[in-house]
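S.K.: got a sequence here, can you build the structure:
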Amino acid sequence: MGKEGRITAHQIAAMLGVSQPTVSRALRGDKKVNEVTRARIVALANELNYSVDHNALRLRTQQSYSIALVILCRRGENKANINPFYLSLLGCIAASASERGYNLIVSFQDSPANFFANYTGSRQADGLIVIGSGQNIEGWQFFGEYARHNTPMICWGASKEDLLSIKSDNAQGARLAIEHLLSSGCQKIAYIGPTNSEQPPFQDRLTTYMAVMAQKGMPPICPPLPENAVREDQGYAAVNGLIRDKVDFDGLFCANDFIALGAMRALDEQHIAVGTDVRVIGFDGIATGAYAQPPLTTIEQDYVQAGEMLVEALIAVLKGDAPNIAPVPVKLLKRGTA
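M.R.: As a prediction, this is how the structure comes out:
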């Protein structure tokens, strides 16, 4: 026993025939430690009522073992109306960070009045993960400046080329959606989404749509979206515009699920049957889509893998290793609209 009869990590290491750093890494949830070894260490630590002295660990390593997660919102956005995609991603990032022995500091930011990135300089966190709305161009520019000054940072679908970023395989998802519409008999497929977005996910989805339309010899249909409107209202306005202008269409590939829900509302108001007269596919896989009438067919993103990859990539950056920023796989989730 150590001072005052307390067990130490060195003693646990000696009991199990492993090194003290291995004990420390295992108790922080480091997945690089063999799973069987980690289970033995955790079991013995629990049996001996041992816990890591986090204050001593921070002093010894000069790390906070905290990660700052910034969620960029649209300027003035009601936080109750944030896209649930980001809230699901938040939950998976939090779980992944916890499994690896890191605390998570969460901040919602929407304007220069509350932009803050100096978590490392103030020793609140070891690095940052930034996710959120691509419509907040000022926010991405702000965090881009900090990244250029060597702040450890990983982003989700960032619009700035100089930011290390992870995103879903949007090209694969778009192709899955369009091929499903084609196989369902659709001949006139419209893309309902931003056509001038700085967000790489939207750019990838649009580019793939245009490529498939050209490959199939089909004319693209890309109605304009009202700027600065929420996504659901954009989908609603775009489809109403198609109907008003008497554009013939039988399939909609929507750039995200909220756009799809707005499009469905417009179709319903015009007594156009969704899933038969017009087939609709969204993108994201938010839970809300399952409760639409009919339930929304969508391209589902893997939130759990995305959360794990974001945390692991940031930890790699902190260690000076090359992060894995490969695209996160997606899948077609077939429901009632297509």
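
S.K.: where do the strands sit along the stretch 51-200 of the chain?
M.R.: For the stretch 51-200 of the chain, strands defined by DSSP state E, counting those that start in this stretch occupy the ranges 66-72, 103-109, 127-132, 153-156, 165-166, 189-192.

S.K.: and the helix or strand following the last one, C-alpha only, in CSV?
M.R.: So the one you mean is strand 189-192. Remark: after strand 189-192, the chain's next helix or strand is helix 200-216, criterion DSSP states H and E. Written as CSV, here are the backbone C-alpha positions of helix 200-216 (Å, rounded to 0.1, in the frame of the first residue of the first chain):
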residue,chain,number,x,y,z
PRO,A,200,-18.6,20.0,-48.4
PRO,A,201,-21.4,17.5,-47.5
PHE,A,202,-23.9,19.5,-49.6
GLN,A,203,-21.4,20.0,-52.3
ASP,A,204,-20.7,16.3,-52.5
ARG,A,205,-24.4,15.4,-52.6
LEU,A,206,-25.1,17.9,-55.4
THR,A,207,-22.0,17.0,-57.4
THR,A,208,-23.0,13.3,-57.3
TYR,A,209,-26.6,14.1,-58.3
MET,A,210,-25.4,16.1,-61.3
ALA,A,211,-23.0,13.3,-62.3
VAL,A,212,-25.6,10.6,-62.2
MET,A,213,-28.1,12.7,-64.1
ALA,A,214,-25.6,13.3,-66.8
GLN,A,215,-24.6,9.6,-66.9
LYS,A,216,-28.3,8.6,-67.3
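
S.K.: if you count neighbours, what's buried in helix 200-216?
M.R.: The neighbour-count criterion (16 or more other CB atoms under 10 Å) identifies 200-206, 208-209, 212-213 as the buried residues of helix 200-216. For the C-beta atoms, the positions are set from N, CA and C on the backbone; glycine is no exception.

S.K.: from those residues, pick the one nearest residue 82.
M.R.: Minimum distance to residue 82 across the buried residues of helix 200-216 is 16.8 Å, recorded for residue 201 (CB to CB).

S.K.: that closest one reaches residue 167, doesn't it?
M.R.: Yes. Under the criterion of CB atoms under 8 Å, residue 201 lies in contact with residue 167, with a separation of 5.6 Å.

S.K.: which neighbours do these two share?
M.R.: Where contact means CB atoms under 8 Å, 6 or more residues apart in numbering, the residues bridging residue 201 and residue 167 through contact with each are residue 157.

S.K.: picking up where we left off before, how about TSV for the strands of the stretch 51-200 of the chain, with distance to residue 316, mean neighbour count and mean pLDDT added?
M.R.: Converted to TSV, those look like this (distance: least, CB to CB, whole Å; neighbours: other CB atoms under 10 Å; pLDDT from 0 to 100):
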stretch	distance to residue 316	mean neighbour count	mean pLDDT
strand 66-72	13	24	94
strand 103-109	18	16	94
strand 127-132	10	25	94
strand 153-156	9	26	94
strand 165-166	12	21	93
strand 189-192	36	25	98
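
S.K.: closest to residue 6 out of those strands?
M.R.: Nearest of the strands of the stretch 51-200 of the chain (CB to CB): strand 103-109, 23.0 Å.

S.K.: count of neighbours near residue 251?
M.R.: Neighbouring residues of residue 251 were enumerated by other CB atoms under 10 Å; the total is 23.

S.K.: ok, residue 219 next?
M.R.: Around residue 219 there are 8 other residues, counting by other CB under 10 Å.

S.K.: and the nearest residue to it once chain neighbours are set aside, what does it touch?
M.R.: Leaving aside its chain neighbours, residue 219 sits nearest to residue 213 (7.0 Å; criterion: CB to CB, 6 or more residues apart in numbering). Under the criterion of CB under 8 Å, 6+ apart, the contact list for residue 213 reads 189, 219-220.
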